[in-house]
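Chemist: just to be clear, the model below is a prediction. Sequence and coordinates:
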Amino acid sequence: MRITLLGTAAGGGFPQWNCNCRQCAGVRSGTLRAKSRTQSSIFVQPEGSTDGLLINASPDILQQIRATPALQPARTVRDTAIAAVLLMDGQVDHATGLFMLRERGSKLPLWCTDPVAEDLTQGNPVLRVLEHYCGVERHSIPLDGRAFTISDVPGLRLQAMPLKSKAAPYSPHREAPVAGDNIGLTILDTATGRRAFYAPGLGEIDPAVFDAMGRSDAVLVDGTFWTDDEMIGLGLSRKTAHDIGHLAQSGAGGMIECLSRLPAATRRVLVHINNTNPILDEDSEQRMQLRSAGIEVGEDGMLLEL
Ligand code: MLT
Ligand code: MN
Ligand code: ZN
């Protein structure tokens, strides 16, 4: 399969529109060695297929489509390679790009969990609004570990697991999480037997999550923050990474430590990176630490051929 990282920033993107922190200012002015990034999503094409699955519809989707010729194969007067969309959660950075796909000629096949569908019908009624345009053909993602297939994207077998993370602020269960607010996803290409694990919002790695990571050829996981108190230290928020459902990379029990326990051949890629994270600075000490740990920092346009 072929996985294109369309957007590798967390909510807000990099640089964030209203931010003048060292990194946002530096990438804007070109004084920092860093690449700008759009908000979090990937595109997965099964082996030999032009059509693929868009995982997360980022508010930056139009920019991502323009930057990625594979998404517009131009086979007919109106065309797209996006055959279906799957959402990892109902947050703004992952779901509001659905508005931008409204010109579709038929209902959009949309896979998400029931709690996410509820949040996108009530707290942030994107799906109700879309009914006035193309409409969606909603499919429920099973949370009991059952594998499922998507008829519009043959060649993939998927498996979701509920994650400990956070629902969107407009969700009635923001502070009382329910299974399915956020998921991790194992993506298997049935032709090649290759597997990827994707979890852009991952607050805690329990044994089931670690097991799914360990069975995958590549893991694309939460790279939001370097330290748990990153936003507090910069005076930008009162919340820790943990408070908003993300596991920081550094420190005991952090993402680096966890990734170091995976089989040696596993490709490890961080995605959903917040603009405050020092790993965005390609000359930073933290970036060097990742390099020596064999961890890649995802960037927009990066292709993983598995
Ligand atoms: C998150 O995952 O916590 C989000 O990126 C928040 C947001 O989109 O504002
Ligand atoms: Mn997010
Ligand atoms: Zn910033």
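Modeler: Thanks, I have the structure now. Owing to the predicted nature of the structure, the values given are computational and were not obtained by experimental measurement. Ligands and ions are numbered 1, 2, ... in the order given.
Chemist: use CA for all of it now, contacts and neighbours both
Modeler: Fine.
Chemist: what about the strands in the stretch 1-150 of the chain?
Modeler: 2-7, 41-45, 52-55, 82-86, 108-112, 136-140, 147-148 (DSSP state E, counting those that start in this stretch).
Chemist: could you dump these to CSV with mean pLDDT and distance to ligand 3?
Modeler: Output for these, formatted as CSV (pLDDT from 0 to 100; distance: least, C-alpha to the ion, whole Å):
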stretch, mean pLDDT, distance to ligand 3
strand 2-7, 98, 17
strand 41-45, 99, 20
strand 52-55, 99, 25
strand 82-86, 98, 28
strand 108-112, 98, 30
strand 136-140, 98, 35
strand 147-148, 98, 39
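Chemist: out of those, nearest to Gly123?
Modeler: Nearest to Gly123 among those is strand 108-112 (15.5 Å), distances taken as C-alpha to C-alpha.
Chemist: helices and strands around the closest one, which ones?
Modeler: strand 82-86, strand 136-140 (3 or more C-alpha pairs under 8 Å, 6 or more residues apart in numbering; DSSP states H and E).
Chemist: quick revisit: nearest to ligand 2, out of the strands of the stretch 1-150 of the chain?
Modeler: strand 41-45 (9.8 Å; C-alpha to the ion).
Chemist: so which elements touch the closest one?
Modeler: Using 3+ C-alpha pairs under 8 Å, 6+ apart, strand 41-45 is in contact with strand 2-7, strand 52-55.
Chemist: now check that strand, is it near ligand 1?
Modeler: No - against ligand 1, strand 41-45 shows no contacts by C-alpha under 6 Å from any ligand atom, the least distance being 11.4 Å.
Chemist: between that strand and strand 2-7, how many degrees?
Modeler: Angle, strand 41-45 to strand 2-7, by axes from the mean of the first three to the mean of the last three C-alpha atoms, to 10 degrees: 160 degrees.
Chemist: and strand 41-45, which strands flank it?
Modeler: Strand 41-45 pairs in its sheet with strand 2-7 (antiparallel), strand 52-55 (antiparallel), by DSSP bridges.
Chemist: can you give me the helices in the stretch 151-300 of the chain?
Modeler: According to DSSP state H, counting those that start in this stretch, the stretch 151-300 of the chain carries its helices in the segments 207-214, 230-233, 255-259, 285-292.
Chemist: count of neighbours near Gly214?
Modeler: Taking other C-alpha atoms under 10 Å as the criterion, the count of residues near Gly214 is 18.
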